[in-house]
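Asker: Got a predicted model here, sequence first, then my questions.
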Amino acid sequence: MIVARTVEELAVRPRTVAIGSFDGVHRGHRYILDTARAVGPTTVVTFWPHPRLVLGNRVELLSTLERRLELLDAAEVEEVLVVAFSPEVAALTAEQFAEDVLRRIGTTVVVVGEDFRFGRGAAGDSTLLRRLGFEVRAASLLEGVSSTRIRTLLRDGDVVGASRLLGRPPELDGTVVLGDQRGGTLGYPTANLATAAELLVPAYGIYAGAALGHRAAISIGVNPHYGGDERRIEPHLLDFEGDLYGRRLLVELWARLRDERAFDSEADLVEQIARDVEATRAADRPA
């Protein structure tokens, strides 16, 4: 897959273009991509940072740009143009954006979700694109499938519900950094995962999942047994030996096992971790 950061990097030729933020590349996004690919080889035009962040609104993202590009590649997208979204881009009228971006790369067919809006004041829509001479395919929305709904489910810890809308398990994407190294002393060494500030982290609790081809028991929270107050994401990879420091780690979340809590003794904590590990061995990956 070709990834371009400016329109000049793409040769001008007739193109089928799908436009959107594609945060999480969920089932609804893939329906749009499938609609575009039915027309021909597809170029995705997407934005980074997320437009809502640039406009001063809070949004917790489902995926990093790196992961979004990996998922688009897996969806057999031919090219991606990543538009650097800035206040200057936000100020473009819909007509200016269509001419400066879509027309300059040779776009002939535009595929968008039926609620898609673009340009200053979100004034642009499918009708405008048609008036400007583009052939437009508006893909119907999949009922109940949206990035907003997925975020809500994850904030509630419902990773199974989120996986149904994503079409795959939700993920934690970050870099392994030095932690307290307490897990090793308890017999269950964990990786301490640092994630980007703009990424959504699901509800605190203990989860079953997987990373690097190994099942993983994952703690998200503040380690209340030790009086912690800083959020930690700590996967324990079952049957894994090796050094993960400095590595990017993609952790799937399959099921929420329980709330985090303090225990009467460290022995009680270790017994509960052992039960969490067994529950993780028995967990099923969401279809």
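Answerer: Great, that's in hand. Every value quoted in this text rests on a predicted model; they were computed, and no experiment measured them. Residues are numbered from 1 along each chain as shown.

Asker: pLDDT below threshold where in the stretch 51-200 of the chain?
Answerer: Per-residue confidence of the stretch 51-200 of the chain (counting by pLDDT under 70) places the weak regions at 180-185.

Asker: which residues of it fall in strands?
Answerer: Under the criterion DSSP state E, counting those that start in this stretch, the stretch 51-200 of the chain carries strands at the ranges 79-84, 107-113, 135-139, 171-177, 192-194.

Asker: Just the buried residues of the last one, please?
Answerer: Within strand 192-194, the residues scored as buried using 16 or more other C-beta atoms under 10 Å are Asn192, Leu193. Quick note: C-beta positions are derived from backbone N, CA and C, even for glycine.

Asker: circling back to that earlier point, mind checking which of the strands of the stretch 51-200 of the chain is nearest Ala203?
Answerer: Between Ala203 and those, the tightest spacing by C-beta to C-beta is seen for strand 171-177, at 12.7 Å.

Asker: residues making contact with the closest one?
Answerer: Residues external to strand 171-177 that are found in contact with it (C-beta atoms under 8 Å, 6 or more residues apart in numbering): 63-64, 66-67, 191-196, 199, 201, 218, 233, 235, 244-253.

Asker: Tell me which of the strands of the stretch 51-200 of the chain is the most buried.
Answerer: Across the strands of the stretch 51-200 of the chain, averaging neighbours per residue (mean count of other C-beta atoms under 10 Å) puts strand 107-113 on top, at a mean of 21.

Asker: That strand relative to strand 135-139, how many degrees between them?
Answerer: Taking axes from the mean of the first three to the mean of the last three C-alpha atoms, to 10 degrees, one finds that strand 107-113 is oriented at 20 degrees with respect to strand 135-139.

Asker: Could you give the separation of strand 107-113 from the chain centroid?
Answerer: If you compare the mean C-alpha spot of strand 107-113 with that of the full chain, they lie 23 Å apart, counting by C-alpha atoms, centre = their mean, to the nearest Å.
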